[in-house]
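# 3D model of this:
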Amino acid sequence: MRGREVVLVSFDPQRFGPMALSPKQIEQKVADVGVAKAEMAPARAFVLAVMAGAFVGLGGMFMALVKSDALLAPAASSLLGGLAFSLGLCLVLVAGAELFTGNSLMVIGCMHGRCPWARLLASWSVVYVGNLAGALLLVAFLAAANYCGMNGGAVGATLVSVAVSKASLPWSVVFFRGVLCNALVCLAVWMGFAGKTVVDKFVAAILPVMCFVACGFEHCVANMFFLPMGVVARALGFAAPGLDTSALCAAGMLGNLSAATLGNLLGGVVLVGLGYWFALGGERDDAAS
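Below you'll find the predicted structure:
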């Protein structure tokens with residue numbers, strides 16, 4: 001057309017770089033981020049951990065609403081519940097927060113000799129307590145908002161059922177489900193580091209989270225929300241008639257959290273963190289020496 005210029009814009013990969021980081025680049029980025037996390041001021045780390053605990057709880061809240069629909073087939077309920085729960089990790093990856101399970105990857109920085117182990121343990125402790133505080137804060141808000149009463153009380157009944165099923169599991173079963181759970185979570189975080197856009201991080205998180213939720217694996221931070229929320233829902237009278245809730249006691253909840261926490265550490269630290277450090281980072285350390 002007259003009076004108009006047509007400008008052709010071509011994509012130059014040399015200028016813009018690859019669309020995602022390579023596995024070796026991810027390993028280096030994870031080490032850099034882990035060192036920065038370990039050096040973060042405890043007050044800042046705690047606030048960000050509170051946010052992460054609440055974010056994961058929001059995913060649990062969303063999942064409970066989906067699973068309270070009795071018309072869904074079991075497979076559809078598990079898959080859609082997992083999709084809803086992925087909200088939590090997506091918020092952590094994109095908005096930014098400190099999640100204890102994902103921070104298992106900080107071990108890579110220690111293995112490179114860039115972060116003292118004492119500092120790593122101190123960071124983990126602050127973040128763990130902050131995650132618990134965030135989860136409990138969300139429980140208090142949902143109780144005040146009568147969230148359990150949604151869907152004619154089916155949401156509350158679902159929350160009690162989920163909490164009882166978790167507290168009833170043998171310690172060893174929770175432990176190994178925790179190992180598998182955090183291997184998937186840390187792989188989601190690992191792939192999230194590869195991405196350069198919000199969409200990249202969102203897509204990276206969905207399938208691993210859907211998988212661990214659908215398979216019934218145990219995530220300690222998620223359980224910091226589900227177990228207290230189940231206690232609250234039971235106290236408000238939402239337990240299904242005839243359901244035995246005796247396992248939902250202090251011993252049952254502490255047993256679940258201890259097993260899930262240790263299992264999550266093994267899955268995240270050893271299977272993913274140390275595995276990738278050995279495969280991809282050790283070569284860099286050898287070259288530097």
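
# got a list of what the residue nearest the centre of the chain touches?
Nearest residue to the geometric centre of the chain (C-alpha atoms, centre = their mean): residue 89, 5.0 Å. With contact set as C-beta atoms under 8 Å, 6 or more residues apart in numbering, residue 89 has these partners: 55-56, 59, 99, 102, 185, 188-189, 205, 209. Quick note: C-beta positions are derived from backbone N, CA and C, even for glycine.

# hmm, which of those is lowest in pLDDT?
Within those, the minimum per-residue pLDDT falls on residue 205 (88).

# these two touch, right, residue 120 and residue 108?
No. Applying C-beta atoms under 8 Å, one finds residue 120 not in contact with residue 108, separated by 10.4 Å.

# ok, these two, which is more surrounded?
Using other C-beta atoms under 10 Å, the more surrounded residue of residue 120 and residue 108 is residue 108, with 27 against 19.

# in which helix or strand does that one reside?
helix 107-111 (DSSP states H and E).

# can you show me the CA trace of that helix as PDB?
Extracted in PDB, the C-alpha atoms of helix 107-111 (Å, rounded to 0.1, in the frame of the first residue of the first chain):
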ATOM      1  CA  VAL A 107      22.600 -28.400  48.900                       C
ATOM      2  CA  ILE A 108      24.300 -27.900  45.500                       C
ATOM      3  CA  GLY A 109      25.800 -24.700  46.600                       C
ATOM      4  CA  CYS A 110      27.300 -26.500  49.600                       C
ATOM      5  CA  MET A 111      28.700 -29.200  47.500                       C
END
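
# what's it packed up against?
In terms of contacts (3 or more C-beta pairs under 8 Å, 6 or more residues apart in numbering; DSSP states H and E), helix 107-111 is packed against helix 23-38, helix 117-144.

# got the angle between the last one and helix 23-38?
If you take axes from the mean of the first three to the mean of the last three C-alpha atoms, to 10 degrees, helix 117-144 sits at 80 degrees to helix 23-38.

# pull out the buried positions in helix 117-144.
119-120, 123-124, 126-128, 130-136, 138-139, 142-143 (16 or more other C-beta atoms under 10 Å).

# tell me how many other residues crowd the residue nearest to residue 136 when sequence neighbours are not counted.
Counting by C-beta to C-beta, 6 or more residues apart in numbering, residue 228 is the residue found nearest to residue 136 once chain neighbours are left out, at 6.0 Å. Residue 228 has 22 neighbours, counted by other C-beta under 10 Å.

# and residue 197, its phi and psi?
phi -130, psi 170 (degrees, to the nearest 10).

# err, residue 219, not the other one
phi -120, psi 120.

# list the contacts of the nearest residue to it once chain neighbours are set aside.
In this structure, residue 219 finds its nearest non-sequential neighbour in residue 181, 5.0 Å apart by C-beta to C-beta, 6+ apart. With contact set as C-beta under 8 Å, 6+ apart, residue 181 has these partners: 101, 212, 217-219, 260, 263-264, 267.
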